[in-house]
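S.K.: need coordinates for the below:
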Amino acid sequence: MTVLFAIATFSLSIYGQNVEASNIVQKGEQVPDFSLNDENGQPFTIANQKGSIVLINFFATWCGPCVAEMPLLQDKVWLKYKDHKNFKFIAIGRGHNQSEVIAFKKKYKLGFPVYGDQDKSVYSKFATGYIPRNYIIDAEGTIVYASVGFTREEFKRMTKTLNHLITSD
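M.R.: All right, here's what the predicted structure looks like:
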């Protein structure tokens, strides 16, 4: 029993180090510059979002935790804040083309914008591995929240941060 506990602790320690090492940007840093085209071919450029609070979600269609998080993003974030004038939300499909993320959006009845990042050129500015990932960017372009993975507790921390920023805007 003690050996199994030691192995489990060691594995979690290594996993945590790998996750930490996979971060390219950190809370407190400026968001990396990027642009993507949406499902209608319209560009989204992060540099044009100054003055807005932006939630960026990286996901994959095959990722179980990503799929589990999507209904909460729809109900607790998108439906709550979509009409706020200074809020933007984009979900970026890491390793997916635009038609794949559009099919995913339809399958799960998501209202928020989805973008394909087939070559991972945007994702690679944020991290080298692990999804889902969420980043909240404040009106000055600073990353004020970053998370990896999905738990209900972490999701509550994220929405609390988002709510604080939006209500103090």
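S.K.: show me where pLDDT drops low in the chain?
M.R.: 1-17, 169 (pLDDT under 70).
S.K.: go again with 80.
M.R.: In the predicted model, the chain carries pLDDT under 80 at residues 1-21, 39, 169.
S.K.: now the helices for it?
M.R.: 2-21, 64-72, 79-81, 98-107, 152-167 (DSSP state H).
S.K.: do I have it right that residue 101 meets residue 118?
M.R.: No - if you go by C-beta atoms under 8 Å, residue 101 and residue 118 don't touch, sitting 9.5 Å apart. C-beta coordinates here come from the backbone N, C-alpha and C atoms, glycine included.
S.K.: count the residues that sit near residue 25.
M.R.: 15 (other C-beta atoms under 10 Å).
S.K.: quick one, what contacts the nearest residue to it once chain neighbours are set aside?
M.R.: Of all residues not flanking residue 25 in the chain, residue 126 sits nearest, at 5.4 Å (C-beta to C-beta, 6 or more residues apart in numbering). Neighbour list for residue 126: 23, 24, 25, 32, 56, 58, 133, 135 [criterion: C-beta atoms under 8 Å, 6 or more residues apart in numbering].
S.K.: contact partners for the residue positioned nearest the centre of the chain?
M.R.: The chain has residue 57 as the residue nearest its centroid, 1.9 Å off, counting by C-alpha atoms, centre = their mean. When contacts are counted by C-beta under 8 Å, 6+ apart, residue 57 is found next to 69, 73, 89, 90, 91, 92, 132, 133, 134.
S.K.: go again with 10 Å.
M.R.: 66, 69-70, 73, 77, 89-93, 112, 114, 131-135, 147, 158 (C-beta atoms under 10 Å, 6 or more residues apart in numbering).
S.K.: burial measure for the nearest residue in space to residue 115 that is not next to it in sequence, as a count.
M.R.: Distance criterion C-beta to C-beta, 6+ apart; nearest residue to residue 115, sequence neighbours excluded, is residue 36 at 4.2 Å. Around residue 36 there are 19 other residues, counting by other C-beta under 10 Å.
S.K.: residue 36 against residue 58, yeah?
M.R.: No - counting by C-beta atoms under 10 Å, residue 58 is not a contact partner of residue 36; they are 11.8 Å apart.
S.K.: on that earlier part again, which one's more surrounded, residue 101 and residue 118?
M.R.: Per other C-beta under 10 Å, whichever of residue 101 and residue 118 has more neighbours is residue 101, with 26 against 13.
S.K.: I'm done for today, thanks for sticking with me.
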